[in-house]
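Enquirer: Fold the following, please.
(chains A and B)
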Protein chains: 2
Amino acid sequence: MTKTSDIFVTVDIVIFTLRDGDLQVLLVKRKTPPFEGRWAIPGGFVQHDESLEDAAARVLFDEAGVRGVHIEQLYTFGRVDRDPRGRMVTVAYFALVPAPLALHAGSSTSDAQWQSVYNLPEMAFDHAEIVHYALKRLRYKLEYTAVGFQLLPKTFTLSQLQKAYETVLGERLDKRNFRRRILQAQVIEETGEMQSGEGRPAKLYRYRADAVAEVKARRLFP
Amino acid sequence: MTKTSDIFVTVDIVIFTLRDGDLQVLLVKRKTPPFEGRWAIPGGFVQHDESLEDAAARVLFDEAGVRGVHIEQLYTFGRVDRDPRGRMVTVAYFALVPAPLALHAGSSTSDAQWQSVYNLPEMAFDHAEIVHYALKRLRYKLEYTAVGFQLLPKTFTLSQLQKAYETVLGERLDKRNFRRRILQAQVIEETGEMQSGEGRPAKLYRYRADAVAEVKARRLFP
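Expert: So this is what the prediction gives:
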């Protein structure tokens, strides 16, 4: 076989957070052609001696300043003409960053900004398509698994949880219906603490460590 | 940027079929090093001018002789040392081939063979890992979506359907429980025809064209 390839491999990461009551992604402004001045999701070339996961973790740390958060492979995009510089295949990942972390993220990168997924700027490459694919996956995960809790603080009220679901799903949910179904699904439990603030105090919940197993129990067959 | 890359991109395809009451994958015996003489799943280098999907479809047709079947991207595997020849990143796909097609598949490729996923030979590269990952995805899809029906003939009895589920899931299912749940899930409907054979005639079913939507209705929300 030949010793060089004419296809390049990159990783690109859709980093989601809940911030200011909005679902946001971290975008970076491109300083060089192609698509100079356009916004892109953070990414980079996979180095010869690093695995795809290592490359994704490196980009996540370099661009968002975070480690140890939920990250998973999303999909690999390889349309022939997706990059004018040459043939680039990109392995896309998606990461969920809890809100408190997100406030510090990107501070060292002057050209990085959290932006609403509901109001994306014109983007470089096929990155708009990648973000939309990631949003679809995130919504699916929120509905079928407990992974969405990675976006939340460790404890939360039912109102805060409903607001988070509504923000990610992009739709209003009926309050009574939401509470009944989330409690039925047995993915959260009471902490025994209350949150006081405006109005009457509200029970604080946390998600159950075994929540993923519980959600699996909703399968058609055991 | 440099004009050549030191990472190669391949596609590899896990092709599943139900055959002789068994869940089988198409394997190809390698004729050249590395792993000469070992079994591998069909694969090939992505060409400069073809998309990943086109490359997967090409390999599927060349190796299994089929087109127009269910094929989807599975996962991209990129461990640094997964190929002794150099750095190879492979975009894995999985395909479901209905039983009747499978009987003709691979006939033009003397070194291709259907083999049981439950009794795999020692395999080349990380292909055993890829097949196991694909099996996990297939089982998940069978439980949550209607995609498993791609493995079945157009019409089937409940006994045949249960046997297919048992073969893919690798476990026995309770007959009454299975019938109740599959009918409740509203993914199949009666054809109005009966199948006669040994024992008393049995109703023939087909899956509903809108079955995927029905399965989605089992979500936690809305």
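Enquirer: chain center to the biggest strand by length in chain A: distance?
Expert: Selection of the longest strand in chain A by residue count, based on DSSP state E, yields strand A:7-19. Averaged C-alpha coordinates place strand A:7-19 at 9 Å from its chain's average position (CA atoms, centre = their mean, to the nearest Å).
Enquirer: and what of stretch A:164-173?
Expert: Relative to the mean C-alpha coordinate of its chain, stretch A:164-173 is positioned 15 Å out (CA atoms, centre = their mean).
Enquirer: And A:L23, how close does it get to B:L60?
Expert: Using CB to CB, to the nearest Å, we find A:L23 at a distance of 37 Å from B:L60. (Glycine included, C-beta is placed from N, CA and C.)
Enquirer: Pick out whichever of those two has more residues nearby.
Expert: In this comparison of A:L23 against B:L60, neighbours counted by other CB atoms under 10 Å in any protein chain shown, the higher total goes to B:L60 at 24 against 21.
Enquirer: separation between the more buried one and B:E129?
Expert: Shown here: B:L60 relative to B:E129, a distance of 20 Å by CB to CB.
Enquirer: Secondary structure element holding A:G68?
Expert: Per DSSP states H and E, A:G68 falls between elements, in no helix or strand.
Enquirer: So for it, what's the pLDDT?
Expert: Predicted confidence (pLDDT) at A:G68: the value is 86.
Enquirer: Just the buried positions in stretch A:13-22, please.
Expert: By neighbour count on 16 or more other CB atoms under 10 Å in any protein chain shown, the buried set for stretch A:13-22 is A:I13, A:V14, A:I15, A:F16, A:T17, A:L18, A:R19.
Enquirer: just stretch A:142-157 next, same as before
Expert: Neighbour-count burial for stretch A:142-157 [16+ other CB under 10 Å]: A:142-144, A:146-152, A:155-157.
Enquirer: And for stretch A:48-61?
Expert: For stretch A:48-61, burial by neighbour count (16+ other CB under 10 Å) applies to A:E50, A:S51, A:L52, A:E53, A:A55, A:A56, A:A57, A:V59, A:L60.
Enquirer: cool, and stretch A:37-47?
Expert: Buried residues in stretch A:37-47, counted by 16+ other CB under 10 Å: A:R38, A:W39, A:A40, A:I41, A:P42, A:G43, A:F45, A:V46.
Enquirer: Which segments of chain A make up each domain?
Expert: A:7-144, A:152-216 (automatic domain parsing).
Enquirer: And those: which comes nearest chain B?
Expert: Taking CB to the nearest CB as the criterion, chain B comes closest to domain A:7-144 out of the domains of chain A, the separation being 3.8 Å.
Enquirer: How far does the closest one sit from its chain's centre?
Expert: Relative to the chain's own centre, domain A:7-144 is displaced by 9 Å; criterion: CA atoms, centre = their mean.
Enquirer: Next, please give the residue ranges for the strands of chain A.
Expert: Taking DSSP E as the criterion, chain A carries its strands at A:7-19, A:22-29, A:39-40, A:43-45, A:70-77, A:87-97, A:112-116, A:188-195, A:202-207.
Enquirer: a markdown table for those, including distance to chain B?
Expert: Shown next, in a markdown table, are the strands of chain A (distance: least, CB to the nearest CB, whole Å):
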| stretch | distance to chain B |
| --- | --- |
| strand A:7-19 | 5 |
| strand A:22-29 | 16 |
| strand A:39-40 | 16 |
| strand A:43-45 | 8 |
| strand A:70-77 | 5 |
| strand A:87-97 | 5 |
| strand A:112-116 | 21 |
| strand A:188-195 | 12 |
| strand A:202-207 | 13 |
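Enquirer: Turn those strands into TSV, including distance to A:F125.
Expert: Putting these into TSV (distance: least, CB to CB, whole Å) gives the following:
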stretch	distance to A:F125
strand A:7-19	8
strand A:22-29	12
strand A:39-40	7
strand A:43-45	9
strand A:70-77	9
strand A:87-97	8
strand A:112-116	16
strand A:188-195	39
strand A:202-207	35
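Enquirer: If you count contacts, what does the longest helix along chain A end up packed against?
Expert: For chain A, the longest helix by residue count, based on DSSP state H, is helix A:127-144. Using 3 or more CB pairs under 8 Å, 6 or more residues apart in numbering or on different chains; DSSP states H and E as the contact criterion, the secondary-structure elements in contact with helix A:127-144 are strand A:7-19, strand A:22-29, strand A:70-77, strand A:87-97, helix A:158-169.
Enquirer: Tell me which of those sits nearest to B:E198.
Expert: Evaluated over those, closeness to B:E198 peaks at strand A:70-77, with 46.6 Å, by CB to CB.
Enquirer: Mind listing what's buried along the closest one?
Expert: Burial within strand A:70-77, assessed by neighbour count using 16+ other CB under 10 Å, is assigned to A:H70, A:I71, A:Q73, A:L74, A:Y75, A:T76, A:F77.
Enquirer: quick one: low-confidence parts of chain A?
Expert: Across chain A, the stretches falling below the confidence threshold (pLDDT under 70) are A:1-3, A:99-110, A:211-222.
Enquirer: Go ahead and flag the most central residue of it.
Expert: The residue at the geometric middle of chain A, judged as the C-alpha nearest the mean C-alpha position with CA atoms, centre = their mean, is A:F16 (3.2 Å).
Enquirer: Specify the beta-bridge partners of it.
Expert: According to DSSP bridges, the partner residues bridging A:F16 are A:V25, A:L96.
Enquirer: circling back: let me have the helices and strands packed on helix A:127-144 in CSV, adding distance to B:P201 as columns.
Expert: As requested, the helices and strands packed on helix A:127-144 are arranged in CSV below (distance: least, CB to CB, whole Å):
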stretch, distance to B:P201
strand A:7-19, 54
strand A:22-29, 55
strand A:70-77, 46
strand A:87-97, 51
helix A:158-169, 47
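Enquirer: about what we covered before: and the domains of chain A: which comes nearest B:Q184?
Expert: Using CB to CB, the domains of chain A put domain A:152-216 closest to B:Q184, at 17.7 Å.
Enquirer: chain center to that closest one: distance?
Expert: Shown here is domain A:152-216, whose average C-alpha point lies 19 Å from the average C-alpha point of the whole chain (CA atoms, centre = their mean).
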